[in-house]
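[1] Sequence first, predicted model second:
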Amino acid sequence: MISRRSFIKKSATGVAAISIVPRFVLGGPGYIAPSDTLYVAGIGVGGKGTVDMMGIAKNPKAKIAFLCDVDDRQAVKSKKNFPSAKSYKDFRVMLDKEAKHIDAVSVTTADHTHAVAAMAAMQRGKHVYVQKPLTHDIYEARMLTEAARKYKVVTQMGNQFASADYVRTTKEWVDAGLIGDVTNVLAWSSRPVWPQGIPAPSGKHEIPTELNWDLWLGPAKEIDYNPAYHPFNWRGWWSFGTGALGDMACHILDPAFRILPIDYPSEVECSTTTAWSGFFELADYKESCPASSIIHLKFPRKDGKGNITITWMDGGLIPKRPDELLPDEIMGGGGDLGNGYIFEGTKGKLMANYNVGPILLPTSRMKDVSFPKPSIPRIPGAEAGHYTEWVDACLAGYGKKQLSSPFDYAGPFTEAVLMGNLAIRSYSMRTETGAFPGRKKLLWDAKNMKITNFEEANQFVRREYRTGWSL
């Protein structure tokens with residue numbers, strides 16, 4: 001395989017002087033020269049990874065050159081889709097052996113491995129595309145944000161709806177003052193659609209021969225293999241996933257963070273579903289994310305004009321219907337009824353979800369208001385363009401093209417989202433007497449990444465890695 005770097009080097013010495021020949025002579029119509037090709041390695045290529053590989057490959061300038069997955073069963077589709085790609089199980093081995101032949105890396109592992117895989121790639125100067133949520137904990141998000149600047153690599157978080165038209169339309173309406181100054185955001189999701197709020201699994205299970213369980217665990221604590229963890233259901237376990245909030249908030253809350261003058265929260269509080277193991281016997285499911293939760297975050301406005309609150313609900317919980325919404329009108333606007341958000345402003349409200357919207361409330365305003373003309377560039381292909389723009393930006397080089405969700409944006413966004421999980425885990429803490437010391441409003445020092453009024457909560461800012469794994 002001719003890497004882009006080796007091709008350029010040979011061209012400079014005259015060995016590859018044929019690069020001055022027109023491309024159609026070299027390879028016919030549609031031919032992409034090696035110097036204009038982005039060689040991509042996929043880490044985690046099953047499930048959503050299959051979708052990511054295909055999404056990146058739709059850009060004719062991208063070549064899926066390497067596939068890495070710890071489970072051969074999960075990698076079947078991607079191997080079929082890209083038969084010429086070389087396969088690995090350990091991304092560390094792949095990055096070491098193939099560093100000269102890789103330009104960019106896509107990371108679509110379980111949440112707990114996002115940061116270590118992405119950091120390993122960036123340290124080698126590789127551009128990275130990382131699925132949402134960007135990381136498993138707050139500290140990791142800060143470190144990846146700083147690393148992207150340090151190593152000057154092109155980055156994108158895989159919250160593809162950040163490239164959708166509706167987000168840009170919402171921003172144009174809010175910027176035009178159609179609902180005044182936004183003071184409150186309500187957001188909800190029907191997730192989880194996997195088991196949560198349950199006891200840890202038990203029993204001894206044989207590890208499938210196709211799976212390297214040690215590599216799947218990666219930086220997480222060592223525990224026995226159980227099919228309750230892999231594949232997919234890892235999302236509901238704190239050791240590997242980030243629950244309903246981590247899965248969906250990077251989609252649903254994106255308009256709030258993209259449009260409003262906020263970055264880091266100053267305080268957070270929450271409540272979660274109570275689980276019972278028997279009559280008046282309170283369950284203590286420490287390993288599992290709750291079946292449902294409500295999270296309240298307060299953000300100081302960056303312009304100094306007060307605060308904005310964001311309330312998140314999941315597990316089928318939704319906010320009270322706005323008074324402006326007629327009884328027969330659909331909450332969130334239709335489409336995917338399991339998710340949505342409402343912006344409450346000083347002059348009105350709007351609602352949307354990532355399939356429908358935005359819609360002004362009351363909906364009669366949609367006929368009366370003079371809407372601003374589109375002023376923000378749209379991404380060709382909308383959500384599909386999320387991949388394409390990353391490939392083009394990688395080829396252009398660091399800082400040359402604007403992206404929808406680079407780590408400078410996605411990092412602080414992820415930190416704020418994961419603050420909700422810190423609150424949830426603190427809320428569930430119990431003492432020997434059965435008291436719940438974490439059920440309070442938690443005050444956050446964003447600069448120092450520290451809860452200032454409940455020290456025990458800070459264990460959820462940064463987790464400990466297994467030996468052999470690190471940032």
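    Alright, I've got the coordinates. Numbering: from 1, shown residues only.
[2] where does the residue nearest the centre of the chain sit relative to Ile379, distance-wise?
    By C-alpha atoms, centre = their mean, the chain has its centre lying nearest to Lys132, at 1.4 Å. Using C-beta to C-beta, to the nearest Å, Lys132 is found at 17 Å from Ile379. Backbone N, C-alpha and C define where each C-beta goes, glycine included.
[3] what does Leu317 give?
    Taken as C-beta to C-beta, the span from Leu317 to Ile379 is 32 Å.
[4] Residue for residue, what is the longest helix the protein has?
    helix 407-427 (DSSP state H).
[5] can you map out the strands along the stretch 101-250 of the chain?
    104-107, 127-130, 155-157, 182-189 (DSSP state E, counting those that start in this stretch).
[6] From these, pick the one with the highest average neighbour count.
    strand 155-157 (a mean of 30; mean count of other C-beta atoms under 10 Å).
[7] who does that strand touch, helix- and strand-wise?
    Counting contacts by 3 or more C-beta pairs under 8 Å, 6 or more residues apart in numbering; DSSP states H and E, strand 155-157 packs against strand 127-130, helix 385-396, helix 407-427.
[8] Dump the second one to PDB, restricted to CA.
    Included here for helix 385-396 are C-alpha records, laid out as PDB according to Å, rounded to 0.1, in the frame of the first residue of the first chain:
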ATOM      1  CA  GLY A 385     -22.300  15.100   5.800                       C
ATOM      2  CA  HIS A 386     -20.900  14.900   9.400                       C
ATOM      3  CA  TYR A 387     -18.500  12.200   8.100                       C
ATOM      4  CA  THR A 388     -17.800  13.900   4.800                       C
ATOM      5  CA  GLU A 389     -16.800  17.200   6.300                       C
ATOM      6  CA  TRP A 390     -14.400  15.400   8.700                       C
ATOM      7  CA  VAL A 391     -12.700  13.600   5.900                       C
ATOM      8  CA  ASP A 392     -12.300  16.800   3.900                       C
ATOM      9  CA  ALA A 393     -11.000  18.700   7.000                       C
ATOM     10  CA  CYS A 394      -8.400  16.000   7.600                       C
ATOM     11  CA  LEU A 395      -7.100  16.300   4.100                       C
ATOM     12  CA  ALA A 396      -7.100  20.100   4.300                       C
END
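[9] So which residues make contact with that helix?
    36, 38, 40, 52, 55-56, 58-59, 61-62, 103-104, 127, 129, 154, 156, 158, 160, 162-163, 379-381, 400-405 (C-beta atoms under 8 Å, 6 or more residues apart in numbering).
[10] Whichever of those end up buried, select them in PyMOL.
    Buried residues among the contacts of helix 385-396 (16 or more other C-beta atoms under 10 Å), as a PyMOL selection:
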select buried, resi 38+40+52+55+56+59+62+103+104+127+129+154+156+158+160+162+163+379+403+404+405
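[11] Inside helices: which ones of the contacts of helix 385-396?
    52, 55-56.
[12] now, among those, which is nearest to Ser266?
    Asp52 (34.6 Å; C-beta to C-beta).
[13] I figured the closest one hits Gly42, correct?
    Yes. Asp52 is within contact range of Gly42, at 7.0 Å (criterion: C-beta atoms under 8 Å).
[14] With mean pLDDT added, can I get the helices and strands packed on strand 155-157 in JSON lines?
    Listed next are those as JSON lines, based on pLDDT from 0 to 100:
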{"stretch": "strand 127-130", "mean pLDDT": "98"}
{"stretch": "helix 385-396", "mean pLDDT": "97"}
{"stretch": "helix 407-427", "mean pLDDT": "98"}
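[15] closest one to Met351 among these?
    helix 407-427 (20.6 Å).
[16] Would you mind identifying the next helix or strand past the closest one?
    Using DSSP states H and E, the helix or strand that follows helix 407-427 in sequence is strand 442-445.
[17] Show me what that following strand pairs with in its sheet, parallel or antiparallel.
    Counting by DSSP bridges, the strands paired with strand 442-445 are strand 267-272 (antiparallel), strand 450-451 (antiparallel).
[18] what's the most buried one of those strands?
    strand 267-272 (a mean of 21).
[19] So for stretch 460-471, mean pLDDT?
    Averaged over stretch 460-471, pLDDT sits at 95.
[20] List the buried residues of that stretch.
    For stretch 460-471, by 16+ other C-beta under 10 Å, it's 460-461, 463, 465, 471.
[21] Tell me the one of those residues nearest Phe279?
    Looking across the buried residues of stretch 460-471 and measuring by C-beta to C-beta, the closest to Phe279 is Phe460, at 31.2 Å.
[22] Contact partners for that closest one?
    137-138, 421-422, 425-426.
[23] most surrounded residue in these?
    Taking other C-beta atoms under 10 Å as the neighbour criterion, Asn421 ranks highest of those with 27 neighbours.
[24] so what's it up against?
    242-243, 245-246, 289, 460.
[25] mind checking pLDDT for Ser11?
    39.
[26] meant to ask about Gly278, not that
    89.
[27] ok, what's across the strand from it?
    With DSSP bridges as the rule, Gly278 is bridged to Glu281.
[28] and it, how many residues sit next to it?
    For Gly278, using other C-beta under 10 Å, the count is 7.
[29] would TSV of the strands paired with strand 442-445 with distance to Thr113 and mean pLDDT be doable?
    Below are these laid out as TSV (distance: least, C-beta to C-beta, whole Å; pLDDT from 0 to 100):
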stretch	distance to Thr113	mean pLDDT
strand 267-272	26	97
strand 450-451	25	98
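[30] Ok, which of those comes nearest Lys349?
    strand 267-272 (23.4 Å).
[31] what residues does that closest one touch?
    290-298, 419-420, 422-424, 427-428, 440-444.
[32] just the buried members of the residues you listed?
    Buried, going by 16+ other C-beta under 10 Å: 290-298, 419-420, 422-424, 427-428, 442-444, out of those.
[33] Tell me, please, where in this protein the pLDDT is lower than the cut-off.
    1-34, 335-337 (pLDDT under 70).
[34] Specify the residue ranges that define each domain of it.
    Recorded structural domains for the chain (assignment: automatic domain parsing) are 4-162+387-406, 164-378+411-460.
[35] That's all I had, so thanks and see you.
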